[in-house]
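K.L.:
kindly generate the corresponding structure for this input.
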Amino acid sequence: MNSQNTDVILLTSDKLNIKQIVLFSKKKIKFTVSERSIEKVKLAREVIERIVENKIPSYGITTGVGSQKDYIVERSVMNDFQHQLLTAHSTVMTNSYVPDQVVRASLLIQLNLFCSGTSGISIETFNKLIARLQDDNLPLSVDNCSVGASDIVSLSQMSLNLFNKSIPLPNGQELQVPKLRDSDKLENVVEPQPFKLQPKEGLSLMNSNSLTLAQGVLLLYEIQGFLKALDLVAAFSLEGFRANLTSINQNVYQIHNQAGQVQSANNINSLLSFSKLWSIQEEARFVQDPLSFRCITQIHGAAYSSYDWCSGIYEKEVNLPVDNPLVSLEDQNVYSHGNMENTLLALSMDTLRSALCKCIRTSGERIHKLHWPQFSGLSTGLSQGNGMASGGVQFLNLSHLASSSISHCGYLSNPTLNQYQGQLADGVEDVAGMAPLSISCTKKLLDDGWKVLTIELIIAIWAINYRNIPVTSIGFGLRSLHNLVLPLLPIGKEGEKVFDTRPIESILRDYISDNQ
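P.N.:
Model (predicted):
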């Protein structure tokens, strides 16, 4: 980030981070491009121009692409070929439009990668890309089009407004393309002019994983909050169960010194500050609790460690150009390669998703134990216990709802890495990383995970209330959320009207977001 102004990201191709991308996607921060990046873009373009001028056969520069790689493109049609290439690769199949926040993040990542000077785009196109993003002139694009070897279709669609085109709207009508300007005329907005892309630029504009990376980065930011929610809600369950806190004693996690476990244990210890539950001899009901309570920090810790590995990979990848072929400024040559293949992105996200699923499943076990009389020591389903056949969380079917979402999570946790069926482009593209599918499954799993945590939170607070524990006796870090949720619980009024957990889920999400 530009040390002179923390409100501006300085794009250099090697320092962009997840937090900056998230802030920019929300329009909370701006960007500029380093002078060195501009120099590198100009130098790389000279390499491409030499290849074109000398008619050297080079993939995507003087030849076709994909299965048509062996066909020469004549110089007289090279410029038109760029437009045809992008238009042809923009085929629309669904109405799953990419949200503006994701498009914004994707274009920032793409521009950052172009700053490396390894793509060979012209300075004119580079300036046009800068101006488009600074003006927030976002193109339309649809999702679910990539297998994990460049986001070819979606990025082609995002490039159309550079030359006054767009994909059709759902009703088939053409979108009126907003006016564009050149970045070296920042004070002027000009009428759209015919803009001609140069040789290789069509391929460069579609040849990266910037959409996948944008979706992954924004999801990772949400997961960061979800991990905090896991610890927060588990702490409520420890209170509601009157659990034995020896399992999160400092001696326990310092001896088993795994970074993720230590992080989770520190979080929960902080949340439970000033809790009466620390008076173990008076409050803990069992010498040893069920594993879903006793192993919280070990299980959450695995998710923290998986997150650190996955986020480190994604944060590095947003600074690593994968344009094929790449331009080497060192020896002035171009090289064909496979850096766009994103197995590592898929593998790390698959691993993180699996770890999150384990946390969600464990949450489900605590849900049952909190209202299971043999474990909770309370009446069946936390009902009033007056012999009536109604009341309590069982009467509201909360555990059934949680189990449904947990089952979804179990299905979604399956690895995506080896789901690809090859032989695209007449057998040329016979492997792919499947990172887009991995991210999509993780997003869906997270949506179910929030629902499960909401139900655990409801039942834990219900149990706290059932035990007549005053809010001043629970952990200091739990008290404000407890006071927000408790009035929304239909305790003693079950069956009078339909109970809606959605407002409580919104409160939980907002609480985490406000403290992230």
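
K.L.:
tell me where the stretch 151-300 of the chain has strands.
P.N.:
Using DSSP state E, counting those that start in this stretch, the stretch 151-300 of the chain contains no strands.

K.L.:
identify each buried residue in the helix or strand of the chain with the lowest mean pLDDT, please.
P.N.:
Ranked by mean pLDDT, DSSP states H and E, the helix or strand of the chain with the weakest confidence is helix 280-283, at a mean of 77. Buried residues in helix 280-283, defined by neighbour count with 16 or more other C-beta atoms under 10 Å: residue 283. Placement of C-beta: from N, CA and C, glycine included.

K.L.:
do the same with stretch 273-288
P.N.:
Of the residues in stretch 273-288, 275, 276, 277, 283, 284 count as buried by neighbour count, 16+ other C-beta under 10 Å.

K.L.:
how about stretch 301-313?
P.N.:
Under 16+ other C-beta under 10 Å, the buried positions of stretch 301-313 are 301, 302, 303, 304, 305, 306, 307, 310, 311, 313.

K.L.:
ok, now how distant is the first one from residue 295?
P.N.:
With distances taken as C-beta to C-beta, to the nearest Å, residue 301 is found 10 Å from residue 295.

K.L.:
state the mean pLDDT of stretch 197-212.
P.N.:
Mean pLDDT, stretch 197-212: 96.

K.L.:
got the end-to-end distance for that stretch?
P.N.:
24 Å (C-alpha to C-alpha, to the nearest Å).

K.L.:
how far off centre is that stretch?
P.N.:
22 Å (C-alpha atoms, centre = their mean, to the nearest Å).

K.L.:
so that it lines up with my notes, have the first residue be 251 from now on.
P.N.:
Shifting the count to begin at 251 puts that one at stretch 447-462.

K.L.:
so which bits of it are buried?
P.N.:
447-462.

K.L.:
same check on stretch 753-766?
P.N.:
754, 755, 757, 758, 759, 761, 762.

K.L.:
now it: how far from the chain's centre is it?
P.N.:
From the chain centre to the centre of stretch 753-766 is a distance of 18 Å (C-alpha atoms, centre = their mean).

K.L.:
ok, stretch 417-426 next?
P.N.:
28 Å.

K.L.:
just to revisit the earlier point, okay, the buried residues of stretch 753-766 in CSV with distance to residue 322, pLDDT and secondary structure next?
P.N.:
Below are those laid out as CSV (distance: C-beta to C-beta, whole Å; pLDDT from 0 to 100; DSSP: H, G, I helix; E, B strand; the rest coil):
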residue, distance to residue 322, pLDDT, secondary structure
754, 64, 99, helix
755, 58, 99, helix
757, 62, 99, helix
758, 60, 99, helix
759, 55, 98, helix
761, 61, 98, helix
762, 56, 98, helix
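
K.L.:
and residue 741, how many neighbours?
P.N.:
Residues near residue 741, counting by other C-beta atoms under 10 Å, number 16.

K.L.:
list the contacts of it.
P.N.:
By C-beta atoms under 8 Å, 6 or more residues apart in numbering, the residues touching residue 741 are 712, 715.

K.L.:
what about it, distance to residue 749?
P.N.:
11 Å.

K.L.:
kindly reformat the buried residues of stretch 753-766 as JSON lines containing distance to residue 670.
P.N.:
Converted to JSON lines, these look like this (distance: C-beta to C-beta, whole Å):
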{"residue": "754", "distance to residue 670": "40"}
{"residue": "755", "distance to residue 670": "34"}
{"residue": "757", "distance to residue 670": "40"}
{"residue": "758", "distance to residue 670": "36"}
{"residue": "759", "distance to residue 670": "33"}
{"residue": "761", "distance to residue 670": "39"}
{"residue": "762", "distance to residue 670": "34"}
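
K.L.:
now for the residues you listed, which pair is the farthest apart?
P.N.:
754 and 762 (12.8 Å; C-beta to C-beta).

K.L.:
sorry, back to before: how about residues contacting the least confident helix or strand of the chain?
P.N.:
492, 494, 495, 496, 526, 527.

K.L.:
ok, now stretch 750-766?
P.N.:
474-476, 478-479, 482-483, 648, 651, 700-701, 703-705, 707-708, 730-731, 734-735, 738.

K.L.:
how about TSV for the buried residues of stretch 523-538, with distance to residue 576 added?
P.N.:
Shown next, in TSV, are the buried residues of stretch 523-538 (distance: C-beta to C-beta, whole Å):
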residue	distance to residue 576
525	56
526	62
527	58
533	62
534	61
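
K.L.:
OK, contacts around residue 288?
P.N.:
Contacts of residue 288 (C-beta under 8 Å, 6+ apart): 373, 376.

K.L.:
I should have written residue 490 there, sorry.
P.N.:
Residue 490 is in contact with 620, 709, 710, 711, 712, 713, 714, 717, counting by C-beta under 8 Å, 6+ apart.

K.L.:
switch to 7 Å and redo it
P.N.:
620, 710, 713, 714 (C-beta atoms under 7 Å, 6 or more residues apart in numbering).

K.L.:
who wins on neighbours among the residues you listed?
P.N.:
residue 620 (27 neighbours).

K.L.:
so how many other residues sit close to residue 740?
P.N.:
16.

K.L.:
checking it next. Helix, strand or coil?
P.N.:
State at residue 740, reduced to three classes by DSSP: H, G, I helix; E, B strand; the rest coil: coil.

K.L.:
leaving out chain neighbours, which residue sits closest to residue 522?
P.N.:
residue 725 (3.7 Å; C-beta to C-beta, 6 or more residues apart in numbering).

K.L.:
and what of residue 554?
P.N.:
residue 510 (3.5 Å).

K.L.:
which residues touch the one you found?
P.N.:
551, 552, 554, 555.

K.L.:
kindly report the same for residue 527.
P.N.:
Counted by C-beta under 7 Å, 6+ apart, residue 527 has contacts 488, 489, 492, 495, 533.

K.L.:
by neighbour count, which of the residues you listed wins?
P.N.:
residue 488 (28 neighbours).

K.L.:
ok so, going back, could you tell me which of the contacts of stretch 750-766 belong to helices?
P.N.:
474-476, 478-479, 482-483, 648, 651, 700-701, 703-705, 707-708, 730-731, 734-735 (DSSP state H).

K.L.:
residues contacting residue 701?
P.N.:
Residue 701 neighbours (C-beta under 7 Å, 6+ apart): 655, 755.

K.L.:
pLDDT score for it?
P.N.:
For residue 701, pLDDT reads 99.

K.L.:
quick one: low-confidence residue ranges for this protein.
P.N.:
251-256, 427-444, 635-640, 673, 675-676, 678 (pLDDT under 70).

K.L.:
give the contact list for the residue nearest to the spatial centre of it.
P.N.:
Geometric centre of the chain, nearest residue: residue 469, 1.5 Å, by C-alpha atoms, centre = their mean. Residue 469 makes contact with 689, 692, 693, according to C-beta under 7 Å, 6+ apart.

K.L.:
Three-state assignment for the first one, please.
P.N.:
Per three-state DSSP, the secondary structure class of residue 689 is helix.

K.L.:
measure it to residue 621 for me?
P.N.:
35 Å.

K.L.:
for the last one, same thing?
P.N.:
For residue 693, the distance to residue 621 equals 30 Å [C-beta to C-beta].

K.L.:
got it, and the second one?
P.N.:
If you measure residue 692 against residue 621 using C-beta to C-beta, the figure is 30 Å.
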